[in-house]
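Trainee: next one to model:
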Amino acid sequence: MTLHPQARTAVEAAAAEPKVYEPGFDIQASRRAAREAAVAEPREDVAEVLDLAADGVPVRVHRPKSAHPGVVLHLHGGGFVFHDNDVHDGLARRLANRSGHAVVSVDYRRPPEHRFPAAPDDVSTVLGWLEREGERHGLAGPVAAHGDSAGGNLALVAALRHPGRLRAVALLYPFLDPTMGFDSYRTAADGFDPREAEWYWQQYAATPADLEHPDLAPLRSDRLATLPPTLVTTAEHDPLRDEGEHLVQLLAEAGVEVTGTRYLGQVHGFYRHPTVFDAAEPMLLAAAAFLASHLRR
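Mentor: Numbering: from 1, shown residues only. Below you'll find the predicted structure:
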């Protein structure tokens, strides 16, 4: 399928934006612009929004009305470098309302100020905090993880680092392969230049050896068979498409309960923008229903 007209419009609009790999790119200015844009967007009401420190890691709790026991741990995307709990506040609220569970968003440390393994270490810290302190904050019950793009990487790594801890994981066009060796980098890179992907990996890794570490490159993990039920969604016109679908194949062959879904005509990043992409809301509903079904077992 060719690009959906909504995706084509988004790609054309993004073409004029500064590129991260160009000399003089301003990371701080880009972060500020993303926060300002997110604040200007409409946000759904939830019963409670609470900022806490989970053993030093900032987290934001989004609690829906009549919340069921159990927690969705949300790891935001942004190439490991960009976005935060403010930028993903709208998505976290929608995820809480659709799933019926409290969503805990993790404001993990980001490169280039804090390189690997700072981000996965922060996620591990939050998981330990939830186990010890969750009940005191009304966050008792099982935990599932949800992440988009780089957040999908972190959600997957959390499940691999802590076998048996998570009830399920939902990975939305996850960013998994620092070698960028799959065909979709050459055939499906609409609106997401492979040079941008390479730049993100360069910011994230502290050393060249990190690019081969399974906590950074989880497709290399020897623990894939330990994963809980897993949902992987990909976008047809996304350079990350093939690595996500390769993960589905690996998990199926390892005996993991896995579901893979490709969204035709769509590009990387569409999930967070329901006012722009018609497919964003159905994708959210599918992820929320998947997580809720496993948290309530």
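Trainee: find the residue closest to His137 in space, skipping its chain neighbours.
Mentor: Closest residue to His137 apart from its sequence neighbours, by CB to CB, 6 or more residues apart in numbering: Leu52 at 6.7 Å. No exception for glycine: its C-beta is placed from N, CA and C like everyone else's.
Trainee: now do the same contact list for the one you found.
Mentor: 58-61, 137 (CB atoms under 8 Å, 6 or more residues apart in numbering).
Trainee: ranking the residues you listed by neighbours, who comes first?
Mentor: Val59 (25 neighbours; other CB atoms under 10 Å).
Trainee: next one: the one helix or strand it maps to to chain centre, how far?
Mentor: Secondary structure assignment for Val59, by DSSP states H and E: strand 57-63. Between the mean C-alpha location of strand 57-63 and the chain-wide mean there is a distance of 16 Å, by CA atoms, centre = their mean, to the nearest Å.
Trainee: and if you look at stretch 143-162?
Mentor: With CA atoms, centre = their mean, you get 7 Å for stretch 143-162.
Trainee: would you mind writing the CA trace of that stretch as PDB?
Mentor: Only the C-alpha atoms of stretch 143-162 are listed here, as PDB (Å, rounded to 0.1, in the frame of the first residue of the first chain):
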ATOM      1  CA  VAL A 143       2.600  -4.800  36.200                       C
ATOM      2  CA  ALA A 144       2.700  -4.700  32.400                       C
ATOM      3  CA  ALA A 145       5.000  -2.600  30.200                       C
ATOM      4  CA  HIS A 146       4.100  -0.400  27.300                       C
ATOM      5  CA  GLY A 147       6.600   1.600  25.100                       C
ATOM      6  CA  ASP A 148       6.700   3.200  21.700                       C
ATOM      7  CA  SER A 149       9.900   3.400  19.500                       C
ATOM      8  CA  ALA A 150      12.900   3.800  21.900                       C
ATOM      9  CA  GLY A 151      10.400   3.200  24.700                       C
ATOM     10  CA  GLY A 152       9.600  -0.200  23.100                       C
ATOM     11  CA  ASN A 153      13.200  -1.000  23.400                       C
ATOM     12  CA  LEU A 154      13.200  -0.100  27.100                       C
ATOM     13  CA  ALA A 155      10.000  -2.100  27.800                       C
ATOM     14  CA  LEU A 156      11.500  -5.100  26.100                       C
ATOM     15  CA  VAL A 157      14.800  -4.800  27.900                       C
ATOM     16  CA  ALA A 158      12.900  -4.500  31.200                       C
ATOM     17  CA  ALA A 159      11.100  -7.800  30.600                       C
ATOM     18  CA  LEU A 160      14.400  -9.500  29.600                       C
ATOM     19  CA  ARG A 161      16.200  -8.100  32.700                       C
ATOM     20  CA  HIS A 162      13.400  -9.200  35.100                       C
END
